[in-house]
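In: Here's my sequence, what's the structure:
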Amino acid sequence: MNLKRLCVVLAAAVLVFPAAAAAQDTKVDFDKAFDFSTIKTYAIRIGTGWGNDLSERRVLEEFDQALTGKGWKKAPEGQADAHVVLHGATATKHNATTFYSGMGGYGYRGYAGGGMGTASTMVSEYTVGTLVVDIFDAKSKNMVFRGTAEDELSDNPEKNKKKLEKASAKIFKNFPPTPKAK
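Out: Residues are numbered from 1 along each chain as shown. Below is the predicted model:
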């Protein structure tokens with residue numbers, strides 16, 4: 001493979017991989033029978049920490065703002081209608097991309113068709129963060145809502161803050177949920 005072609009392939013891989021890896025995945029599930037209009041107050045806490053106090057405080061603040069923006073008021077745990085528990089985790093993932101050059105292999109009836117080919121593999125490592133928001137009815141202790149967000153984390157705290165805001169907006173887009181009419 002000539003140098004120009006290799007540069008084009010590498011440039012394409014560099015442009016495509018971050019777009020695929022950076023796609024934020026959010027999911028929401030809720031108890032279809034629960035009446036969310038009965039919830040007026042909430043208490044919030046970290047259930048499973050991820051070892052970064054600054055990040056944990058940012059997440060608490062973001063979800064506090066999201067819930068108060070939906071009309072809920074923060075209250076002490078013993079007086080709240082709902083308990084919001086946040087869980088976080090990170091995982092290191094790997095991506096392997098192999099580039100081939102030349103034409104190797106055999107053609108019809110064992111005839112050697114083409115020359116020797118070469119392959120090179122690039123392995124990249126990235127960190128994915130997962131955030132789970134569980135909401136429990138304080139009276140019954142049943143979970144009534146779960147939102148999850150997963151995204152590649154950056155070394156830049158400002159980028160992560162923007163990703164957190166985007167995740168919060170997606171999770172609480174149609175919050176509080178209302179059951180569909182039958």
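
In: mind checking the SS state of the residue nearest to residue 133 when sequence neighbours are not counted?
Out: Closest residue in space to residue 133, ignoring its immediate chain neighbours: residue 147 at 4.3 Å, by CB to CB, 6 or more residues apart in numbering. No exception for glycine: its C-beta is placed from N, CA and C like everyone else's. Following DSSP: H, G, I helix; E, B strand; the rest coil, residue 147 is assigned to strand.

In: So residue 176 belongs to a helix, correct?
Out: No. Applying three-state DSSP, one finds residue 176 to be coil, outside a helix.

In: State the mean pLDDT of the helix or strand harbouring residue 131.
Out: Following DSSP states H and E, one finds residue 131 within strand 118-137. Mean pLDDT, computed over strand 118-137, is 84.

In: who does the spatially most central residue of the chain bridge with?
Out: The geometric centre of the chain, computed from its C-alpha atoms, lies nearest to residue 150 (CA atoms, centre = their mean), at 1.2 Å. Beta-bridge partners recorded for residue 150 (DSSP bridges): residue 25, residue 130.

In: list the contacts for it?
Out: 24-26, 128-131 (CB atoms under 8 Å, 6 or more residues apart in numbering).

In: Is it correct that residue 70 is in contact with residue 173?
Out: No. Look at residue 70 against residue 173 with CB atoms under 8 Å: they stay out of range, at 10.5 Å.

In: and residue 85, what does it touch?
Out: Here residue 85 is in contact with 44-47, 133-136 (CB under 8 Å, 6+ apart).

In: roughly how far apart are residue 25 and residue 118?
Out: 36 Å (CB to CB, to the nearest Å).

In: Ok, residue 24 next?
Out: From residue 24 to residue 118 the distance is 37 Å (CB to CB).

In: Over to residue 49?
Out: 47 Å.

In: For the two, work out which one has more neighbours and name it.
Out: residue 49 (14 against 11; other CB atoms under 10 Å).

In: hang on, isn't that one packed against residue 56?
Out: Yes. Checked against CB under 8 Å, the pair residue 49 and residue 56 is within contact range at 5.8 Å.

In: Which neighbours do these two have in common?
Out: With CB under 8 Å, 6+ apart as the test, residue 49 and residue 56 both reach residue 88.

In: which other helices and strands contact the helix or strand residue 159 falls within?
Out: Element membership of residue 159 [criterion: DSSP H and E] is helix 157-171. The contact analysis (3 or more CB pairs under 8 Å, 6 or more residues apart in numbering; DSSP states H and E) places helix 157-171 against strand 25-30, helix 53-69, strand 118-137, strand 143-152.
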